[in-house]
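Visitor: predicted coordinates and the sequence they were generated for:
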Amino acid sequence: MQRKLYRSRNDSRIAGVCGGLGEYLDIDPTLVRLIFVLLALTGGHGVLLYIILWLIVPYPAQPLVPLSPRSDVTSNTIQS
C-alpha cells in the first residue's frame, strides 16, 4: 500500500509540516525541524519550502488519536 504525506495533527508546532515529514520518513520530527532551521539560516530556502509544503500538504481526513492523554484535560473540562 502506498503511503501518503500528510501534515501531523499530533506532533505539530506551527502547521504540522515537520511532524508530517518525520512520520512519513520515519525519523524524528525534531531532526526535520533542525534541517528547516539550517536551510532558513543559509539563504532562506527553508522558510520558502516550509510555506510551500504548508499550502500543498493536506491534513489527514480523520483526526488521529493523541499519543498520550493530556494531564490538563479531565472529564470535568470536557463536560463543561
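Guide: Great, that's in hand.

Visitor: show me the contacts for the residue most central in space within the chain.
Guide: Against the mean C-alpha coordinate of the chain, by CA atoms, centre = their mean, the closest residue is G16 at 2.4 Å. Contact analysis of G16 by CB atoms under 8 Å, 6 or more residues apart in numbering lists R7, S8, R9, Y59. Any C-beta I mention is one placed from the backbone N, CA and C, and that applies to glycine too.

Visitor: go through the residues you listed and give me the one with the most neighbours.
Guide: S8 (22 neighbours; other CB atoms under 10 Å).

Visitor: could I get the phi/psi values of that residue?
Guide: Torsion angles at S8 (phi, psi; degrees, to the nearest 10) stand at phi -90, psi 140.

Visitor: chain neighbours aside, what residue packs nearest to it?
Guide: G19 (3.0 Å; CB to CB, 6 or more residues apart in numbering).

Visitor: quick one: residues contacting the one you found.
Guide: R7, S8, N10, D11, S12, R13, P29, V32 are the contacts of G19 under CB under 8 Å, 6+ apart.
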